[in-house]
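Visitor: Here you go, sequence then predicted model.
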Amino acid sequence: MSRKSAGLLLFRRYERRIEVFIVHPGGPFFANRDDGHWSLPKGEIEPGEDPRQVARREFDEETGRTVDDCSDGAEWLRLGEITQRGGKRVVAWAAEGDWPEGLPVRSNRIPVEWPPRSGRTLEIPEVDQGVFFEIGTARRKLNPAQEPFLDRLLAILRDADERSAEP
């Protein structure tokens, strides 16, 4: 059975454009890797867990701030599911919100074997950065399999704007 994760894509409207908040994985393996390695904050769903609650928990753990602190109770928009290259399925939502300027992420720490097959364990931050990027830059930074989440978010927002413009 393939693994499944749940995540939340925080977005904001800034100077008439949409920006999304994505995170960069921590640790020595990703230290010099940038484009194609960022992700929305997400984590694995254990049997019996509610995916939406997992998305909330993982956002909190990976950023050090609660979803409510960042989104002020905004409506969650369902972005559906994708499958990443390794077979992991990711279900995601989006919520409009913001991140305090200059506030760094404070991620939980996880153990990793480093160097690989050395038997030595390091404790690293799961995430070392969280940044708002405009959509074009986010496309380049994100894991390519997660790019459809951007398209789905833009489609939802475009549809909502069109509905609100109707007489």
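Guide: Nice, thanks for sending it over.

Visitor: Which parts of this structure are helices?
Guide: 51-63, 67-71, 135-141, 147-165 (DSSP state H).

Visitor: Deepest in the core, which of these is it.
Guide: Among the helices of the chain, ranked by average contacts under mean count of other Cβ atoms under 10 Å, first place goes to helix 51-63 (a mean of 21). In short, each C-beta sits where N, CA and C put it, glycine included.

Visitor: Name the residues that touch that helix?
Guide: 4-8, 10, 23, 41-46, 65-67, 70, 76, 91-93, 105-108, 126-127, 130 (Cβ atoms under 8 Å, 6 or more residues apart in numbering).

Visitor: And stretch 81-98, by the same measure?
Guide: With Cβ under 8 Å, 6+ apart as the criterion, stretch 81-98 contacts 2-13, 20-21, 40, 42, 51-52, 55, 67, 70-72, 74-80, 143, 145-146, 148-149, 153, 156.

Visitor: From the residues you listed, list the buried ones, please.
Guide: Buried subset of these (neighbour count, 16 or more other Cβ atoms under 10 Å): 4-12, 20-21, 40, 42, 51, 55, 67, 70-71, 76-77, 79, 143, 145-146, 149, 153.

Visitor: Now, those residues that are in strands?
Guide: Counting by DSSP state E, the buried ones among the contacts of stretch 81-98 place 4-12, 20-21, 42, 76-77, 79 in strands.

Visitor: tell me the contacts of Val67?
Guide: Going by Cβ under 8 Å, 6+ apart, Val67 touches 8, 10, 56, 59-60, 95, 97.

Visitor: now swap in Leu9 and tell me
Guide: 20-22, 40, 79, 92-95, 149, 153.

Visitor: what do you get for Arg13?
Guide: Shown in contact with Arg13 (Cβ under 8 Å, 6+ apart): 19, 96.

Visitor: okay, the nearest residue to Phe30 once chain neighbours are set aside: pLDDT?
Guide: Spatial nearest neighbour of Phe30, chain neighbours left out: His37 (5.8 Å); criterion: Cβ to Cβ, 6 or more residues apart in numbering. Listed pLDDT for His37 reads 97.

Visitor: I'd assumed Gly27 was in contact with His37.
Guide: No. Assessed by Cβ atoms under 8 Å, His37 is found out of contact with Gly27, at 11.4 Å.
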